[in-house]
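> pasted the sequence and its predicted model underneath.
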Amino acid sequence: PNVRGEVREVINGYSASLWGCDIPFEERTGQFLTVFQASWAMPAIRKGLDLLLELAVLRKDWRFTLVGSVPEGSVVPENITVIDNVEQHELRAIYNQHRVYIQASLFEGFPNALCEAMACGCFPVGSHVAGIPDIISTWGILVAEKDVNLWVGALERAIQHTSGAELAAQSISIGLLNRFPLEKRQTELVQFIERISRGKPR
């Protein structure tokens, strides 16, 4: 209660020179993708690894890709391909190889990987928590509970979206980059710093 400092939100921004849709849905060979770094159990659960493993066991006909790491000793089904951490330009190529991006976190602030995936045209399916609904908005599917059956239904609908002509990957990419441009973040940060330096934070 004694803190009197100003709190100002400056939302993340993404550059069209770094992220973009290079491949349409119909030419993408990857099915489901998720990206996170979780080398021990609790962060992995918070990121939804246990749900991803359950989905893969339940739907052996689906193919999942996980970029990052999993806790040592995790039993990873054969239909999940794990790719170790990669450079940013490699990540763009991986996003563009996949149709659907999964953000199954129990909690997130403003997940960069989800935004990057959408900027590369991935159809998003995410948990209805924290900043995820604001990012996905009307461009994808939100899942209200950590229930594997609800997630199976959501991913089945995502397959339909990316197999038909309802929504193009390019539209998702443009929508994300227009809503969260890097230039807006840069401008707001500079303006706020200039006000602080003049002694006028408000």
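Perfect, thanks for sending it.
> switch to C-alpha atoms for all contacts and neighbour counts from now on
Will do.
> in a strand, residue 125, correct?
Yes - per DSSP: H, G, I helix; E, B strand; the rest coil, residue 125 lies within a strand segment.
> neighbours around it, how many?
26 (other CA atoms under 10 Å).
> correct me if wrong: it contacts residue 158.
Yes - between residue 125 and residue 158 there is a contact under CA atoms under 8 Å: 7.4 Å.
> any idea how far residue 145 is from residue 55?
According to CA to CA, to the nearest Å, residue 145 and residue 55 sit 14 Å apart.
> more neighbours: which of those two?
It is residue 55, of residue 145 and residue 55, that has more neighbours when counted by other CA under 10 Å, with 19 against 14.
> where are the low-confidence patches of this protein?
38-41, 165-166, 200-202 (pLDDT under 70).
> at 50 what do you get?
The chain contains no residues with pLDDT under 50.
> any chance you could map the strands in it?
30-37, 64-69, 80-83, 98-103, 123-127, 141-143 (DSSP state E).
> do you know which of those lies nearest residue 4?
Checking the strands of the chain against residue 4 by CA to CA gives strand 123-127 as the closest, at 33.7 Å.
> direction included, what does the closest one pair against?
Strand 123-127 sits in its sheet next to strand 98-103 (parallel), strand 141-143 (parallel), going by DSSP bridges.
> and the angle from that strand to strand 30-37?
50 degrees (axes from the mean of the first three to the mean of the last three CA atoms, to 10 degrees).
> strand 123-127: which residues count as buried?
Using 16 or more other CA atoms under 10 Å as the test for burial, strand 123-127 gives 123-127.
> same thing with stretch 77-89?
Across stretch 77-89, burial judged by 16+ other CA under 10 Å covers 79-80, 82.
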